[in-house]
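> give me coordinates for this.
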Amino acid sequence: MTQELKAQFTKRIVELQQRIEAIHNDFAKANESDWAELASERENDEVLNALESEAKVEIQQLSNAINRIENGTYGTCETCGEDIALKRLAVQPAAIQCISCAEKAA
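Below is the predicted model:
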């Protein structure tokens, strides 16, 4: 099961890296717009920046999850050492805390 998860996480990381590359390509395009279009493009740039930031965070979380799989700690709460519920991992595969510890930290 953990090797399947590792493969899924790796696939998702590749998808996210491709998304980031597409964002960078979009930024690299020359802006030859008039003033009215520039305002719209700026808003678009802000959205692209947010998407890139979210993708980078997810890549880091998935990379950390792969490391936990490799060292045998995946599915174990980093705070209390108890198992993280399978339902929680199904919803948030890169979870590092059980629900109890996550709620206390919030």
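> please count neighbours and contacts with C-alpha atoms only from this point.
Will do.
> so where do the helices sit in this protein?
With helices called from DSSP state H, the chain shows them at 2-28, 35-71, 86-91, 99-105.
> with distance to residue 78 added, can I get these in TSV?
As requested, those are arranged in TSV below (distance: least, C-alpha to C-alpha, whole Å):
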stretch	distance to residue 78
helix 2-28	18
helix 35-71	10
helix 86-91	14
helix 99-105	9
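> where in the chain is the helix or strand with the lowest mean pLDDT?
Least confident helix or strand of the chain, by mean pLDDT, DSSP states H and E, is helix 35-71 with a mean of 87.
> could you give the angle of that one to helix 2-28?
With axes from the mean of the first three to the mean of the last three C-alpha atoms, to 10 degrees as the basis, helix 35-71 and helix 2-28 are set at 160 degrees to each other.
> which elements pack onto helix 35-71?
helix 2-28 (3 or more C-alpha pairs under 8 Å, 6 or more residues apart in numbering; DSSP states H and E).
> buried set for the helix it packs on?
By 16 or more other C-alpha atoms under 10 Å, the buried positions in helix 2-28 come out as 6, 9, 10, 13, 16, 17, 20, 23.
> verify the stated contact: the fourth one with residue 65.
No: with contact defined as C-alpha atoms under 8 Å, residue 13 does not reach residue 65; the gap is 11.4 Å.
> so what are the domain limits for this structure?
Domain assignment for the chain by automatic domain parsing gives 1-74, 75-106.
> contacts only, for the most centrally placed residue in the chain.
Central residue of the chain (C-alpha atoms, centre = their mean): residue 58, 1.0 Å from the mean position. Residues in contact with residue 58 (C-alpha atoms under 8 Å, 6 or more residues apart in numbering) are residue 13.
> what is the burial count for the nearest residue to residue 64 once chain neighbours are set aside?
Distance criterion C-alpha to C-alpha, 6 or more residues apart in numbering; nearest residue to residue 64, sequence neighbours excluded, is residue 94 at 7.6 Å. The local packing of residue 94 (other C-alpha atoms under 10 Å) involves 21 other residues.
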